[in-house]
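> All I have is the shape, not the residue letters:
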Ligand code: ADP
């Protein structure tokens, strides 16, 4: 979808650019009015002393200049709207992709919005207009030749030297501009990340170190920018000197030709004006060179970013799922490479069943939870929700059927009600129902503005537990068919925990499938099944009682001692309980629940 939109945006802006080219054609043609006027005034009016001719000529000039002004206005408007249009079309695409790229662990995403702003600001700028005027240099050169070949040669020489100066400018600044932009981008990124960690910085007095690091990065970018500035200013100064000198030189050459009776006074003035027109766009391009290079980089990055394959393809709508979950050979390797986090996880859950995923830290539990809700694509294997790959489920549809409570709860800027309603239209009844289901209604009505309390930056500060409970209401909003919770009780007090268990029970009664990652034995009592994950592999899976019975029989420390293999897989009758080792439980490795479970 986004690549199409990029194409659409580009082709629509192309149409705009064609209009701008046409306007530029008209404008530059009309720019010839001034030298022609000069020519006529000097050579005709002054010699014939005809007042009428002067008036007519002036009227024609005024008309031409008014038309030129109108074209300039139209060109400016079209360019401005192309800029806005590009932003309008591309920012939603980039926004989506920025979020996607964050999941992929890439940091360019947010920068793409800055690059788009660079592009949008450049489109209506003088630099852009100068690029449209550039081809007209040739026309003005041709006109100079028509006046007198000497004027033509002088103008041509000037243009050649200016272009050379431009190329030298490009050559001496290109690398520095690219590098300083890159460094500035990294510095900005680091600053953003640092600001988020402000409490750690304050608590442990890290400010000096952090600010030194930032100064080093930013200072490097500034130094390079300074260098670029110095060089472009030098080139611009030489250009200006040269252009002014040649302009006067044209008059000198004109005077010489007049003395030799090869030209008239009018020709002399007209040649000078033509030279100004011919070199104007070149000079402007040289002046805007830094912007042009920057925008070229931004455009290239944007194109590459949007051309990257989509995270997921647009999926068709499926019927409402019942909540059957099947994990088939799930392997998850981090994007950057390295050891797999999950090494072939298999299990199935019937609709309406609940599962506790337990295991030591770093076992891959959170990763499994993310895969089950389709927030991440597995490297190999897949998770099926009612038979269909959950990752490719239509995301808007998932909004209705899936509830997810991540480990690090983040709420969005907005009111409590908006957060519970997942930032969609707030249906007060559904919001209150979700809050009651999550047993958080009373807590919310005690907030300063109840459901209308603003949270997020500048809003009401909520404690970790309060955030977690509101996030639970968000997860159960609309009675999802599948609820996945990652350590939902990490910040809860005992009341909160009791509320959480009641919520789980209520959802289960409503037929939802519930998967909960937990360290706490109390929650385990409320599930049908248990899955013990260790180092990315399923060590045990089955009905809770069975797994616990085996865990109790197998005190810690025994897992390394070889134990007799059971003659038959301990899988429960209804579900497939398989580890990576080929579909059988390996009870000899079963260990007691971590954290004393
Ligand atoms: P658990 O929830 O069981 O503590 P996680 O699923 O959070 O485990 O993480 C399992 C392992 O995978 C950890 O070693 C962690 O460092 C690694 N890991 C998790 N997410 C990523 C990621 N995006 N990139 C690289 N490694 C990751």
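In hand now; what should we look at? Because the structure is a prediction, the values reported are computed rather than measured.

> can you list contacts of the strand or helix carrying residue 443?
Assigned by DSSP states H and E, residue 443 belongs to helix 441-445. Residues outside helix 441-445 that contact it (C-beta atoms under 8 Å, 6 or more residues apart in numbering) are 416, 432, 435, 450-451, 453, 466, 469-470, 473. The C-beta positions use only the backbone N, C-alpha and C, and glycine is treated the same way.

> try 10 Å
416-417, 420, 431-436, 438, 450-453, 462, 465-466, 469-470, 473, 495-496, 499 (C-beta atoms under 10 Å, 6 or more residues apart in numbering).

> Same question for stretch 101-112.
Stretch 101-112 is contacted from outside by 90-91, 93-100, 115, 185-186, 188-190, 192-193, 298, 301-302, 304-306, 308, 311, 334-336, 370, 375-377, using C-beta under 10 Å, 6+ apart.

> among the residues you listed, which are in helices?
90-91, 93-100, 115, 185-186, 188-190, 192-193, 298, 301-302, 304-306, 370 (DSSP state H).

> one step back: now, which of the contacts of stretch 101-112 lie close to the ligand?
Restricting the contacts of stretch 101-112 to those touching the ligand (C-beta under 6 Å from any ligand atom) yields residue 334.

> Drop anything exposed from the contacts of stretch 101-112.
90-91, 93-98, 100, 115, 185-186, 188, 190, 298, 301-302, 305-306, 370, 375-377 (16 or more other C-beta atoms under 10 Å).

> Quick check: residue 401 touching residue 351?
No - using C-beta atoms under 10 Å, residue 401 makes no contact with residue 351, being 11.4 Å away.

> Between those two, tell me which one has more neighbours.
Each of residue 401 and residue 351 has its neighbours counted (other C-beta atoms under 10 Å); residue 401 has more, 20 against 16.

> show me what contacts the more buried one?
318, 320-323, 385-386, 393, 478-482, 512.

> list the contacts for the nearest residue to it once chain neighbours are set aside?
Sequence neighbours aside, residue 481 is the residue nearest to residue 401 in space, at 4.6 Å (criterion: C-beta to C-beta, 6 or more residues apart in numbering). Neighbouring residues of residue 481 by C-beta under 10 Å, 6+ apart: 320-324, 351-352, 385-386, 400-403, 507, 510-513.

> Let's see which of these end up in helices.
Among those, the members falling in helices (DSSP H) are 400-401, 507.

> Turn these into a markdown table, including distance to residue 540.
Listed next are the ones in helices among the contacts of residue 481 as a markdown table, based on distance: C-beta to C-beta, whole Å:
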| residue | distance to residue 540 |
| --- | --- |
| 400 | 33 |
| 401 | 29 |
| 507 | 25 |
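
> Using pLDDT, spot the least trustworthy of those.
For the ones in helices among the contacts of residue 481, the model is least confident at residue 400; its pLDDT is 85.

> wait, that residue sits on residue 478?
Yes - if you go by C-beta under 10 Å, residue 400 and residue 478 touch, sitting 5.9 Å apart.

> Contact partners for residue 95?
Contacts of residue 95 (C-beta under 10 Å, 6+ apart): 2, 109-110, 112-113, 116.

> quick one: the helices in the stretch 1-150 of the chain?
Using DSSP state H, counting those that start in this stretch, the helices found in the stretch 1-150 of the chain span residues 2-31, 33-40, 46-48, 51-103, 108-122, 126-133, 136-147, 149-196.

> Rebuild the ones you listed as a markdown table, extending it with mean pLDDT.
Shown next, in a markdown table, are the helices of the stretch 1-150 of the chain (pLDDT from 0 to 100):
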| stretch | mean pLDDT |
| --- | --- |
| helix 2-31 | 81 |
| helix 33-40 | 87 |
| helix 46-48 | 83 |
| helix 51-103 | 90 |
| helix 108-122 | 87 |
| helix 126-133 | 90 |
| helix 136-147 | 90 |
| helix 149-196 | 85 |
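
> With distance to residue 532 as extra columns, can I get the ones you listed in TSV?
Shown next, in TSV, are the helices of the stretch 1-150 of the chain (distance: least, C-beta to C-beta, whole Å):
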stretch	distance to residue 532
helix 2-31	41
helix 33-40	86
helix 46-48	102
helix 51-103	27
helix 108-122	36
helix 126-133	62
helix 136-147	75
helix 149-196	34
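
> Residue 542: which of those helices is closest?
When these are compared by C-beta to C-beta, helix 51-103 sits nearest residue 542, at 32.0 Å.

> and for residue 401 and residue 351, which residues touch both?
321-323, 385-386, 481-482, 512.

> Closest one of those residues to the ligand?
residue 482 (18.7 Å; C-beta to the nearest ligand atom).

> what number of residues lie near that closest one?
27.

> quick one: contacts for the spatially closest residue to residue 64 that is not a sequence neighbour?
Nearest residue to residue 64 in three dimensions, chain neighbours excluded: residue 33, at 3.8 Å (C-beta to C-beta, 6+ apart). Shown in contact with residue 33 (C-beta under 10 Å, 6+ apart): 57, 60-65, 67-68.

> mind redoing it with 8 Å?
Contacts of residue 33 (C-beta under 8 Å, 6+ apart): 60-61, 64-65, 68.

> May I see the ChimeraX selection of the buried members of the residues you listed?
The ChimeraX command for the buried members of the contacts of residue 33 (criterion: 16+ other C-beta under 10 Å) is given here:
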select :61,64,68
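
> filter the contacts of residue 95 down to the ones close to the ligand.
Among the contacts of residue 95, the ligand is touched by none when using C-beta under 6 Å from any ligand atom.

> Would you format those residues as CSV with distance to residue 123 included?
Listed next are the contacts of residue 95 as CSV, based on distance: C-beta to C-beta, whole Å:
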residue, distance to residue 123
2, 20
109, 22
110, 22
112, 17
113, 16
116, 11
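
> Looking at residue 400 and residue 478, which one has more neighbours?
Legend: neighbour count by other C-beta under 10 Å for residue 400 and residue 478, higher for residue 478 (19 against 15).

> Doesn't that one belong to a strand?
No - under DSSP: H, G, I helix; E, B strand; the rest coil, residue 478 falls outside any strand and is assigned coil.

> residues in contact with it?
Shown in contact with residue 478 (C-beta under 8 Å, 6+ apart): 400, 430, 434.

> ok, now with 6 Å
residue 400 (C-beta atoms under 6 Å, 6 or more residues apart in numbering).

> give me phi/psi at it?
Main-chain dihedrals, residue 478, degrees, to the nearest 10: phi 80, psi 20.

> Repeat that for residue 206.
On the backbone of residue 206 - angles per degrees, to the nearest 10 - the values are phi -90, psi 0.

> For burial, what's the neighbour tally of the nearest residue to it once chain neighbours are set aside?
Leaving aside its sequence neighbours, residue 206 sits nearest to residue 200 (C-beta to C-beta, 6+ apart; 6.9 Å). Neighbour count for residue 200, taken as other C-beta under 10 Å: 11.

> Name the next helix or strand following the helix or strand that contains residue 200 along the chain.
Taking DSSP H and E as the criterion, residue 200 maps to helix 198-203. Using DSSP H and E, the helix or strand that follows helix 198-203 towards the C-terminus is helix 207-259.

> quick one: average pLDDT of that next one?
Rounded mean pLDDT across helix 207-259 is 87.

> can you pull the contacts of residue 181?
No contacts exist for residue 181 under C-beta under 6 Å, 6+ apart.
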